[in-house]
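Q: structure for this input, please:
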Amino acid sequence: MKTSKAIHRSPVALAILSLLIEEPMHPYRMQQLLKERGKHDVVNVHQRASIYQTIERLSHQQLIEVQETIREEGRPDKTVYAVTEKGRVTAFSWMKEIISLPVKEYPEFPAALSFLPLLDVEVVIEAFERRVGFLRDSLTGMQHQYEEAKEVLPRVLLLDLEYRMNMFSAEIEWVRSILEEIKNKNIDWNLELLLGISTKFKSENPHHE
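A: Next up is the predicted model:
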């Protein structure tokens, strides 16, 4: 007996289902709405191809369906999609699970930190200073966006932006503290240190390959 294939969850899929719960619409309108609402910073819809690929998958899984095709002379046809009841239930289920259960993710920054001693101290200092500058600029942009948006939108629609602002603020504070410790040589490293750790690891694990 065949079992149904599990439905793959993704931010783009959740965004599409959520928009279609509001009303039926065509893919271009989905992309524009996400940009207009500033959600393209949390859902990667910069490539329209990813939206079409996700729509095709959602349609195949019967989470959405074609409602109509709009034909205008001299323009490409526009396919309008609507969410199915299965899609509505799936979106609500995803939302509850995402909010309640943290998932193990593998972002690039911690991965680079785990191999930080491969870089010279001076290189790391410069890189951290650049990161702090970038984070500050991004945070300032988000703060301006938030101040403008809160005049016209209820706070519940801005929680994702609040979350990102707090995450950026926390990262700025942490990176600055580590940067200060590196400059003060409270955190320091060199090639000899790395080789010593490697040698110690081999001696403690003689059968490790």
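
Q: switch to C-alpha atoms for all contacts and neighbour counts from now on
A: Noted.

Q: contacting residues for residue 20?
A: 81, 82, 83 (Cα atoms under 8 Å, 6 or more residues apart in numbering).

Q: most surrounded residue in these?
A: Using other Cα atoms under 10 Å as the neighbour test, these are led by residue 83, with 27 neighbours.

Q: sorry, back to before: put together CSV for the contacts of residue 20, with secondary structure, distance to residue 110 and pLDDT on each row.
A: Output for the contacts of residue 20, formatted as CSV (DSSP: H, G, I helix; E, B strand; the rest coil; distance: Cα to Cα, whole Å; pLDDT from 0 to 100):
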residue, secondary structure, distance to residue 110, pLDDT
81, strand, 39, 97
82, strand, 40, 97
83, strand, 38, 98
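
Q: any chance of those in CSV with distance to residue 104 as columns?
A: As requested, these are exported to CSV (distance: Cα to Cα, whole Å):
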residue, distance to residue 104
81, 32
82, 32
83, 29
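
Q: name the nearest of the residues you listed relative to residue 21.
A: The closest of those to residue 21 turns out to be residue 83 (Cα to Cα; 6.1 Å).

Q: distance of the most centrally placed residue in the chain from residue 15?
A: Centroid check for the chain by Cα atoms, centre = their mean gives residue 42 as the closest residue, at 5.2 Å. In this structure, residue 42 and residue 15 are 10 Å apart, going by Cα to Cα, to the nearest Å.

Q: for the host helix or strand of residue 16, buried residues please.
A: For residue 16, the host element (DSSP states H and E) is helix 11-22. Buried residues in helix 11-22, defined by neighbour count with 16 or more other Cα atoms under 10 Å: 12, 13, 14, 15, 16, 17, 18, 19, 20, 21.

Q: save those residues as JSON lines, and put in pLDDT and distance to residue 95 too.
A: What follows is these, written out as JSON lines (pLDDT from 0 to 100; distance: Cα to Cα, whole Å):
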{"residue": "12", "pLDDT": "93", "distance to residue 95": "13"}
{"residue": "13", "pLDDT": "95", "distance to residue 95": "12"}
{"residue": "14", "pLDDT": "96", "distance to residue 95": "8"}
{"residue": "15", "pLDDT": "95", "distance to residue 95": "11"}
{"residue": "16", "pLDDT": "96", "distance to residue 95": "13"}
{"residue": "17", "pLDDT": "97", "distance to residue 95": "11"}
{"residue": "18", "pLDDT": "96", "distance to residue 95": "10"}
{"residue": "19", "pLDDT": "96", "distance to residue 95": "13"}
{"residue": "20", "pLDDT": "97", "distance to residue 95": "15"}
{"residue": "21", "pLDDT": "97", "distance to residue 95": "13"}
